[in-house]
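1. sequence first, then the predicted structure:
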Amino acid sequence: MRKAFMGVRLKRLREERGLTQVALARALELSPSYLNQIEKNQRPLTVPILLKINSVFGVDVQLFSEDEEARLIADLKDVLADPGLGEHVALTEIREIAANMPAVGRAIVALQARSRQASERADAMASRFGLSAEEIEPATLMPYEKVRDYFYAHHNYIAELDEAAEALFDKAQLVIGDVATGLREYLRSEHGVDIVIVPATDTLSPQRRFNRARRTLELSANLNPGQQAFEMATQLAFLDIGDTLDRLAKDAADDSDETFRLARIGLANHFAGALVMPYTPFLEAAEALRYDIDLLGQRFGVGFETVCHRLSTLQRSESRGVPFFFVRVDRAGNISKRQSATDFHFSRVGGSCPLWNVYEAFSTPGRILTQLAQMPDGRTYLWVARTVSRGHGGFGAPVKTFAIGLGCDLSHANRLVYAKGLNLANSGVAVPIGVGCKVCERPNCPQRAFPPIGGRTAVDENERRFTPYPVA
């Protein structure tokens, strides 16, 4: 395992707390000379020292995580691949920024995101109204993008909501696998709200509607018990912990009313998932069942996608589950959900990799596919993918079909039932995938859709190769 040399981060923590090297060394029970060597990256941060930092300062050791560093490296590679910068930044330099100046790295990524969004909005508006891009005032991130980035920044885990949901599960004496019955009674006794099941007439019929005046919560008859429980739990979040939702949503809103309201919904949904699948029982079941998604769905009475989403949130500091990356994509390759508890990264430039098994899932509906996939940096992941479909009504009514992907680093793969039959020790069996064609550095991929940004394509009229856009 690579040693963790993170002296700059430790020095920054020390300076933020207003401590001298001598004072910090005394607090960590180290000699001043040893601490000085750590801050100069002459010695690594060991696990005992990290744990001591956590106990003394209450700092999450995730601050010093190699996963965090790898995640930032991937983001910086994406940003600095832009040929418009006029600079070729070597991977060595990127690693140096991520390891020693992570705040600078995050600022670079944030600035690029603002610039990219402004450019995309300007181009879209110019195309729509026949104007030049210069005539369009650049816009900030769209509200849903701000909310998405808020959850991404929090590793898809909001501790306050998760703990509140677990406490309410016990208070309401809910039963795993039949949460709907208990929630129905709790809503009636604590909030005077009655549940009304309403037949769905068309695709515009809401799945959940709260009538505040009548104190009724209308649920669509199309919802199964697990979905009904989730909708009841979502509404309960607004009723039971509205002040908490308001406070957390303000962190994501950036003074935007629409973003604030979307954030409240996202946070309420987060609470609902934690209430239907309370953290400790769910994590214990996941470990006991080796993260078998179908068996977890049967035990907790919820669907495949809901289980996968919940698995991506098990990052409580004192009892972490497998750190998963969760995505939901459609047939056109649009990623409508992207939640990460780990550092796996796909580019926001030019789409995702066509060799990824999430897209193959559409050719075998309802069947679980597994894949060992290796990124260009050598990191290998185990991916599980399957399609899910949802209808709304009877014959002829539209059906939504998505592919759900759940992945984790190879180091955790042996904890999953899906590793059965896979040769985890042989990296040669992994499918080589990339972060998206425009920023993928693989030179000989036959599935490449675009030439790589910043690379020069070999153009020879006397030669044709099997690999499209060969790199010079």
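-> Cool, got the structure.
2. give me the below-cutoff pLDDT ranges for the stretch 351-472 of the chain.
-> 351, 392-396, 453-455 (pLDDT under 70).
3. let me see the ranges of the helices in it.
-> Ranges of helices in the stretch 351-472 of the chain, per DSSP state H, counting those that start in this stretch, are 357-360.
4. which residues in the stretch 201-350 of the chain form strands?
-> Applying DSSP state E, counting those that start in this stretch to the stretch 201-350 of the chain gives strands spanning 208-211, 216-220, 315-316, 319-320, 325-329, 335-340.
5. mean pLDDT, distance to residue 165 and mean neighbour count for the ones you listed - can I get that in TSV?
-> Glycine gets a C-beta too; all of them are placed from N, C-alpha and C. Formatted as TSV, these follow (pLDDT from 0 to 100; distance: least, C-beta to C-beta, whole Å; neighbours: other C-beta atoms under 10 Å):
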stretch	mean pLDDT	distance to residue 165	mean neighbour count
strand 208-211	94	18	15
strand 216-220	95	18	20
strand 315-316	90	12	19
strand 319-320	90	15	12
strand 325-329	91	19	22
strand 335-340	82	17	17
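6. between those strands, which gets nearest to residue 360?
-> strand 325-329 (11.3 Å; C-beta to C-beta).
7. sheet partners, orientation included, of that closest one?
-> Using DSSP bridges, strand 325-329 pairs in its sheet with strand 335-340 (antiparallel), strand 399-409 (antiparallel).
8. please, which helix or strand holds the residue lying closest to residue 95 once chain neighbours are set aside?
-> Nearest residue to residue 95, sequence neighbours excluded (C-beta to C-beta, 6 or more residues apart in numbering): residue 73, at 6.1 Å. For residue 73, the host element (DSSP states H and E) is helix 66-80.
9. so this structure: which segments form each domain?
-> 159-276, 320-439 (automatic domain parsing).
10. need those domains in a markdown table with distance to residue 101, can you?
-> Output for those, formatted as a markdown table (distance: least, C-beta to C-beta, whole Å):
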| stretch | distance to residue 101 |
| --- | --- |
| domain 159-276 | 25 |
| domain 320-439 | 18 |
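11. how about these, which one is nearest residue 105?
-> With C-beta to C-beta, the closest approach to residue 105 among the domains of the chain belongs to domain 320-439: 13.2 Å.
12. please compute how far that closest one lies from its chain's middle.
-> How far domain 320-439 lies from its chain's middle: 12 Å, per C-alpha atoms, centre = their mean, to the nearest Å.
13. right, so of the strands paired with strand 325-329, which gets closest to residue 358?
-> The closest of the strands paired with strand 325-329 to residue 358 is strand 399-409. By C-beta to C-beta, the value is 3.9 Å.
14. list the buried residues in that closest one.
-> Counting neighbours by 16 or more other C-beta atoms under 10 Å, one finds that the buried residues in strand 399-409 are 402-409.
15. and for stretch 51-60?
-> In terms of neighbour count (16+ other C-beta under 10 Å), stretch 51-60 has its buried residues at 53-54, 57.
16. for the stretch 51-200 of the chain, just list every one of the strands.
-> Under DSSP E, counting those that start in this stretch, the stretch 51-200 of the chain gives strands at 194-198.
17. can you list the low-confidence ranges for it?
-> For the stretch 51-200 of the chain (pLDDT under 70), the answer is 59-68, 83-84, 86, 119-141.
18. quick one on the thing from earlier: closest one to residue 415 out of the buried residues of stretch 51-60, please.
-> Of all the buried residues of stretch 51-60, residue 415 sits closest to residue 54, with 23.5 Å by C-beta to C-beta.
19. and the gap between that closest one and residue 250?
-> Remark: distance between residue 54 and residue 250 (C-beta to C-beta, to the nearest Å) = 28 Å.
20. try residue 291
-> Counting by C-beta to C-beta, the gap from residue 291 to residue 250 is 35 Å.
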